Structures are given as C-alpha cells and as structure tokens.
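In: Quick one, structure for this:
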Amino acid sequence: MRLVKTLRVLALWLVIPVGAIVQLQMVSTMMRTYIAVGVMRDQLQRSGLGHVTSLRGIPQACREEGFLDGIDYTYAVDVAKIPDAYWASEDARQRHWHHAPFDDSQSETFDGFIEYNARKPGCPQLPALRSPHVVITVLYSEAGYLGPRTVSSNGDGFMAYDTRTSRLYWAYSGN
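Out: Modelled structure (predicted):
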C-alpha cells in the first residue's frame, strides 16, 4: 500500500513538469506561427498582393537567427488564387513582379536558397523558380521592402508565387 502511494506521488511529480513543458512547447509554436503570419500580412501589403489575395491555412516556417550569422528565414503559405490579370497590371510592374528569365546574380541567389533549404529538415521546399508558373519579386531587407538594391541593403531574398498551387514563398538571408 505504501509503495502504491509513493508511486502515485512520484508519478505526479514527474507528470506535472512534463505537462508544463509540453504546454510551453505548444505556446511557443503558436507564438512563432502568429509572428510569421504578421510578417506575411505586412509583406503582402508591401508587395501589392494584399488587395488581391489573403492567407489560407497555417504557414510553414523555417527561421534561424545567429549572433554572428545574421538571419535566415523561409516561409510558405497557401493563399487565395491571384487573378492572372494582376501579373500584367501596372501595380505588379511597379512592385517588380516578373517571370523568368532572371539575370545571373539573381539566378545564383535563387539557386543558393534552393540548395540551402534542401539541406534543412522541416523547411518549406521552394518551387522551381525558372518555371513559367512562378512569379518572383526580390527583397533586400529583413522587413521585406521591395525594389532595387540600395546602399543600406543588408541581405538577399525573394517572394515567389506559384500560379498552379496558389502558394506564396518567402526566403531571405542577411545580416
């Protein structure tokens, strides 16, 4: 009888901390997802897509921050289908959305992201960026500001939209 009581007390002492750890893990996952969704919504607005689409489902995210290495992230999320007419519009051109072919430096950057992501388990797999079904714009800051590289640019990245799957991708690497 004493052994059973001792085992119950011991089990409670073990189960309660394990339960708390599991809860903390769930909360931290929810917080990371919430932060990723906030970043995605901001970037949708900056990229001109905020008025033609919206996020659908839970994003897949892969983010690493290092003290000396800077920041690397890859996000992917399903979005509502963007009408094909948008890609021919003046709004899309002003925000630098375009199909392949790309210049050599952009191609090297894109290939580097694809290779890097392939080695990272759990990261979203980027589409074939030279596909005619993919539309891309380039990012040069962690915040996702679009347009040409400036003196204050601190990284390389891109947003890509796959017209077949209605999936939007972000990738960035910088200091």
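
In: Just checking, which helix or strand succeeds the longest helix belonging to the chain along the chain?
Out: Using DSSP state H, we find that the single longest helix of the chain is helix 2-46. Later in the chain than helix 2-46, the nearest helix or strand by DSSP states H and E is strand 55-66.

In: List the buried residues for that next one?
Out: Residues 59-62 are the ones in strand 55-66 that count as buried (16 or more other CB atoms under 10 Å). For the C-beta atoms, the positions are set from N, CA and C on the backbone; glycine is no exception.

In: tell me which of those residues is nearest to residue 80?
Out: residue 59 (14.3 Å; CB to CB).

In: ok, the closest one to residue 24 distance?
Out: 21 Å (CB to CB, to the nearest Å).

In: Residue 127 now?
Out: Counting by CB to CB, the gap from residue 127 to residue 24 is 35 Å.

In: Which one's more surrounded, those two?
Out: residue 127 (19 against 10; other CB atoms under 10 Å).

In: Got the confidence number for the more buried one?
Out: Looking at residue 127, its pLDDT is 85.

In: and it, how far is that from residue 87?
Out: Residue 127 is 15 Å from residue 87, by CB to CB.

In: can you check residue 60 too?
Out: Distance, residue 60 to residue 87, using CB to CB: 24 Å.

In: With residue 20 instead?
Out: Counting by CB to CB, the gap from residue 20 to residue 87 is 49 Å.

In: repeat for residue 27
Out: Using CB to CB, one gets 39 Å for the distance from residue 27 to residue 87.

In: The residue lying closest to residue 55 once chain neighbours are set aside: how many residues sit nearby?
Out: Nearest non-adjacent residue to residue 55, counting by CB to CB, 6 or more residues apart in numbering: residue 77, 5.5 Å away. Neighbour count for residue 77, taken as other CB under 10 Å: 21.
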